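# Sharing a model that was predicted from the sequence below.
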Amino acid sequence: MLRKWEKLPENMQTDEVRRYYDILKKKRAALFFKRCFDIAVSAVMLLLLSPVFLILAIVIKLDSRGPVFYRQVRVTSYGRQFRIFKFRTMVTGADKGSHVTVKGDSRVTRVGRFLRKFRLDELSQLIDVFRGTMTFVGTRPEALKYVEHYTPEMMATLLLPAGVTSAASILYKDEAELLSAADDADAVYISDILPAKMKYNLREIEKFGFFRDIKIMFMTVLAVLGKDFEDDLAKEDPESIKTSEEARV
């Protein structure tokens, strides 16, 4: 639920964040149903997908040495840090380098490439949704090193829990390919990709609604199966799509 303004971290009590806070404050009912939906659906999906979890755990362990889950520290609502649940797709120790992945990244395992292609590595984030550190639809959780580069306005995305999916993640589902030609993937991500994605994330706060979340979830499934939603998103927000195209150059 949305905290009282005076209970926000000091670095979020700014004029830039206040605009988005006031929008969400008027949508408390939608926020309540959002959390109820997260708990109910994640609980059912965890139960139904438990056999899939077991299979994925086995193939990950057979493919390479290391733990089943990758538990990197990420940032969620109000700047809280948490250890995300992701099925491991890289060799152990891969996070000592860049936290962004490029096309053909040698750190990705054979099974990991398959899991990433169909976003199966993110199924385990159902655990995070159930425990409240994440939600189904919201700004993707960033590592602390990237959050440190947030502008005052970007901090508004931390008014809500980090999400499994979002409009930005649908548009940038091929992010690894966009970064593959960069000499310094981290620098390009911070200077170009992150600001472009954040324009989408901030506009999603403006448009926030329970049924819009449902729409984004269905769009995500179709995007994983190959459907391109760039034109649809352009119709909703031409300015944002222009920004995303500039970031791809």
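Noted; the coordinates are in hand.

# okay, and for this protein, where does confidence drop off?
Within the chain, the stretches with pLDDT under 70 are 94, 96-104, 234-235, 237-249.

# Would you map the helices across it?
15-25, 28-48, 50-63, 110-117, 125-131, 144-147, 167-171, 175-179, 185-188, 194-206, 210-224, 230-236, 238-248 (DSSP state H).

# how far is stretch 135-145 from where the chain is centred?
4 Å (Cα atoms, centre = their mean, to the nearest Å).

# which of the helices of the chain is buried the deepest?
helix 167-171 (a mean of 24; mean count of other Cβ atoms under 10 Å). Quick note: C-beta positions are derived from backbone N, CA and C, even for glycine.

# which residues are contacting that helix?
139-140, 163, 197-198, 200-201, 203-204, 216, 219-220, 223, 229-230, 233, 241, 244 (Cβ atoms under 8 Å, 6 or more residues apart in numbering).

# of all the helices of the chain, which lies closest to residue 9?
Nearest to residue 9, of all these, is helix 15-25, at 9.8 Å by Cβ to Cβ.

# Summarise which helices and strands that closest one is packed against.
helix 194-206 (3 or more Cβ pairs under 8 Å, 6 or more residues apart in numbering; DSSP states H and E).

# Mind giving me the packing neighbours of the helix it packs on?
Judged by 3+ Cβ pairs under 8 Å, 6+ apart, helix 194-206 is in contact with helix 15-25, helix 167-171, helix 238-248.

# before we move on, back to that, relative to residue 156, which of the helices of the chain is closest?
Of all the helices of the chain, helix 15-25 sits nearest to residue 156, with 3.9 Å by Cβ to Cβ.

# For the residue nearest in space to the middle of the chain, which residues are in contact?
Residue closest to the mean C-alpha point of the chain, counted by Cα atoms, centre = their mean, is residue 140 at 1.8 Å. By Cβ under 8 Å, 6+ apart, the contact list for residue 140 reads 162, 163, 165, 166, 168, 169, 197.

# 7 Å instead, please
162, 163, 166, 169 (Cβ atoms under 7 Å, 6 or more residues apart in numbering).

# what does residue 77 give?
Applying Cβ under 7 Å, 6+ apart, the residues near residue 77 are 158, 159, 160, 161.

# can we see that at 8 Å?
So residue 77 contacts 158, 159, 160, 161, 162 (Cβ under 8 Å, 6+ apart).

# farthest-separated two in the residues you listed?
Longest span within the contacts of residue 77, Cβ to Cβ: 159 and 162, 11.3 Å.

# quick one: contacts for the nearest residue to residue 153 once chain neighbours are set aside?
Nearest non-adjacent residue to residue 153, counting by Cβ to Cβ, 6 or more residues apart in numbering: residue 16, 4.2 Å away. Neighbour list for residue 16: 151, 152, 153, 155, 156 [criterion: Cβ under 8 Å, 6+ apart].

# what's the burial count for the fourth one?
What that stands for is residue 155. Residue 155 is flanked by 21 other residues according to other Cβ atoms under 10 Å.

# how near is it to residue 58?
41 Å (Cβ to Cβ, to the nearest Å).

# and what of residue 184?
37 Å.

# Check residue 114 too.
From residue 114 to residue 58 the distance is 14 Å (Cβ to Cβ).

# count of neighbours near residue 191?
12.
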